[in-house]
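Enquirer: only geometry, no sequence info:
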């Protein structure tokens, strides 16, 4: 127990170091963290922050930069950690590819989406249909759809409900697969994405889940907004397009969807 307390104490001292020594001198880029209760009311905390939680305040300009570059930072951290781990003497040899797989294969990314599918099926059984956001084709039966990650797991694993919508099964399996629509198609389909979110709102359980996931991911989207679904669709489309551009993801154009619907 004593060793555990010492380890926790050492970790607590080490964690602020990169923040303290960022830039020249001490606390030259970031202010020293304070508990939320000690900060002025003008500071906007992340959802769920408690008064006793220690907070790092980030200036708006720096926050915008983090928002723009976070994917690069994440990828660089993963890459550097893989390289470092590969050099550590161990009982058996591991290469950077194995390390990367272990770091990114989080159990939450592999869980079956049974609960979400069940809730969508309930709406369909109640004769509340969806439309495929990519093709516009109606979805009226459970066998008609795949529960698609709008932003594919292979690109950025997110199982939050705003990233999961029922889409035409054949289009998803033959055309979209692990690709992302190009920006023009994302913008053209934004209205249908909003309509799907609005259909989620007709289920108490799905409404609670999508509100919670949206609140945690997109600070500018509030469940009390007059048109929550449209605001969420806009934020989701911009986020997906930004991730695709940052990670040079494989993309496809709207002509593939139109060809599919005309078959």
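Expert: Cool, got the structure. Please read these numbers as outputs of a predicted model, since none were measured by experiment. Numbering: from 1, shown residues only.

Enquirer: any regions of the stretch 1-150 of the chain where pLDDT drops low?
Expert: Along the stretch 1-150 of the chain, segments meeting pLDDT under 70 span 67-68, 70-72, 104-112.

Enquirer: as a check, name the ranges of all strands in it.
Expert: 34-35, 54-55, 130-131, 138-139, 145-149 (DSSP state E, counting those that start in this stretch).

Enquirer: so which of those strands gets nearest residue 222?
Expert: With CB to CB as the criterion, residue 222 lies closest to strand 54-55 of these, at 20.7 Å. In this view, the C-beta of every residue, glycine as well, is placed from N, C-alpha and C.

Enquirer: which other helices and strands contact the closest one?
Expert: Using 3 or more CB pairs under 8 Å, 6 or more residues apart in numbering; DSSP states H and E, the elements in contact with strand 54-55 are strand 34-35.

Enquirer: what's the strand it packs on in contact with?
Expert: 51-55, 57 (CB atoms under 8 Å, 6 or more residues apart in numbering).

Enquirer: let me have the strands of the stretch 1-150 of the chain in TSV, extended by mean neighbour count.
Expert: Putting the strands of the stretch 1-150 of the chain into TSV (neighbours: other CB atoms under 10 Å) gives the following:
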stretch	mean neighbour count
strand 34-35	14
strand 54-55	16
strand 130-131	22
strand 138-139	18
strand 145-149	21
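
Enquirer: ok, which of those strands comes nearest residue 115?
Expert: Using CB to CB, the strands of the stretch 1-150 of the chain put strand 145-149 closest to residue 115, at 10.5 Å.

Enquirer: and the next helix or strand past that closest one?
Expert: Downstream of strand 145-149, the next assigned helix or strand under DSSP states H and E is strand 164-168.

Enquirer: how about residue 127, nearest residue that isn't a chain neighbour?
Expert: Once flanking residues are discounted, residue 127 sits nearest to residue 140: 7.9 Å by CB to CB, 6 or more residues apart in numbering.

Enquirer: try residue 20
Expert: With CB to CB, 6+ apart, the residue lying closest to residue 20 is residue 26, at 5.6 Å.

Enquirer: could you report the neighbour count for the one you found?
Expert: Here the count is done by other CB atoms under 10 Å, and residue 26 has 10 residues near it.

Enquirer: and if you look at residue 27?
Expert: Residue 27 - counted by other CB under 10 Å - has 14 other residues nearby.

Enquirer: likewise for residue 135?
Expert: So residue 135, with other CB under 10 Å, has 22 neighbours.

Enquirer: same check on residue 51?
Expert: 10.

Enquirer: now residue 221
Expert: Residue 221 has 20 nearby residues by other CB under 10 Å.

Enquirer: so it is in contact with residue 235, correct?
Expert: Yes - when contacts are counted by CB atoms under 8 Å, residue 221 is listed as touching residue 235 (5.4 Å).
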